[in-house]
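In: The following block contains a protein sequence and its predicted model.
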Amino acid sequence: MKIISLLSLIIIQALAGCALRAPVAATPKSHVYQRASLEQLLERLSSGSANVTNLKADFSASITDLTNGTTQSCSGILAMEKHEKLRMRGSRAMLPTLFDLLYNGNQLTLFIPRDKTVYRATCDAGRARRGLTGVSFFTDIFLGNGDERGSLHFLETSTSRYTVYSIAPLKGHAQLLRKVYFDRENLVPLRYQYFDVEGILACDIRCSDFFVPMEGRESLPRQIALEAPPGENRIVLTLTAIRLNGHLNPDLFSFTMPADARVRPLEEYAR
């Protein structure tokens, strides 16, 4: 199983089909473009939304198999905290929990109640930072966890956007890690692309429906569309009832093993 497809796989195997949410209508461009330096854009990526240390929200998720057009969906609760702590619980109306996902940057735990099975995987920090787990992008986008040490960054400018390239210098060559596209009208990061060790696009993320949560803070997206692998599966997550910097119970980011559950490697979830 490819770990980059984890969120897609969870919904495909745990849920029934329903219609995909219609995309949010684009706001007409004013064509008044702003200027920013590479340092300013990197600060935007590293700090996320200024002064936001945690986030909790309701979510709805729809996934489309791009090869046959079928769509499935669920809803639930999403919570995250700085330093790569994330929890997602998915369900459908009037039904028990379908999945419970916990990620702490080092280990990913997935509980499927109907199977009475807990799936676990240890995540290499570098792979997670490049989005190859398919879940770590949440904390990167909203809380700004930054890049791997030693990354080099380059800026490309066009009339309507900035593109920031992040590269890992290796012996004898360089490896492209990530590209981030900024809208020059309002300097929001509209698109993130993560690449695997062979330089192939592994995860393509588009952000939309931005809002400013509080005065003086950066805009945050309410909707995120993720393709992983690109061209095969698209998952669209829409956040509502977003709460920032509230009190989160520490138990939210810990997992208690159910007494009757068995433990399996995450790779076995695809079987």
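Out: That came in fine, so what should we check first? If you're wondering where the values come from, they're calculated on a predicted model, not measured in any experiment.

In: can you list the weak-confidence ranges in the stretch 1-150 of the chain?
Out: For the stretch 1-150 of the chain, the stretches flagged by pLDDT under 70 are 1-31, 48-50, 93-94, 123-134, 145-149.

In: swap the cut-off to 50 and go again
Out: Applying pLDDT under 50 to the stretch 1-150 of the chain picks out residues 1-4, 16-23, 125-132.

In: who's sitting farthest from the centroid in this protein?
Out: G172 (31.6 Å; Cα atoms, centre = their mean).

In: so what's the backbone phi/psi at it?
Out: phi 90, psi -10 (degrees, to the nearest 10).

In: Let me know the pLDDT of it.
Out: Per-residue confidence at G172 stands at 82 (pLDDT).

In: Let me know the distance separating it from A36.
Out: 33 Å (Cβ to Cβ, to the nearest Å). Any C-beta I mention is one placed from the backbone N, CA and C, and that applies to glycine too.

In: For L152, which residues count as its bridge partners?
Out: I167 (DSSP bridges).

In: The one 5 residues further on now?
Out: In this entry, T157 is beta-bridged to Y162, by DSSP bridges.

In: And it, how far from K56?
Out: 37 Å.

In: Tell me if I'm right that L45 and K179 touch.
Out: No - look at L45 against K179 with Cβ atoms under 8 Å: they stay out of range, at 11.6 Å.

In: what do the two both touch?
Out: In terms of Cβ atoms under 8 Å, 6 or more residues apart in numbering, L45 and K179 are both contacted by the residues V164.

In: Measure how buried D209 is and give me the count.
Out: 16 (other Cβ atoms under 10 Å).

In: sorry, that was for N51
Out: When neighbours are counted by other Cβ under 10 Å, N51 comes out with 12.

In: same deal with N233?
Out: 22.

In: again with D100
Out: Neighbours around D100, by other Cβ under 10 Å: 19.

In: Mind checking which of T157 and K56 has more residues around it?
Out: Neighbour count, other Cβ under 10 Å: between T157 and K56, K56 has more, with 20 against 13.

In: wait, is the more buried one part of a strand?
Out: Yes - counting by DSSP: H, G, I helix; E, B strand; the rest coil, K56 is found in a strand.

In: which SS state does V135 fall under?
Out: V135 ends up coil, using three-state DSSP.

In: I'd say it and L86 touch.
Out: Yes - V135 lies in contact with L86 (Cβ under 8 Å); the separation is 6.2 Å.

In: residues in contact with Q193?
Out: R178, K179, V180, L201, C203, D204, I205.
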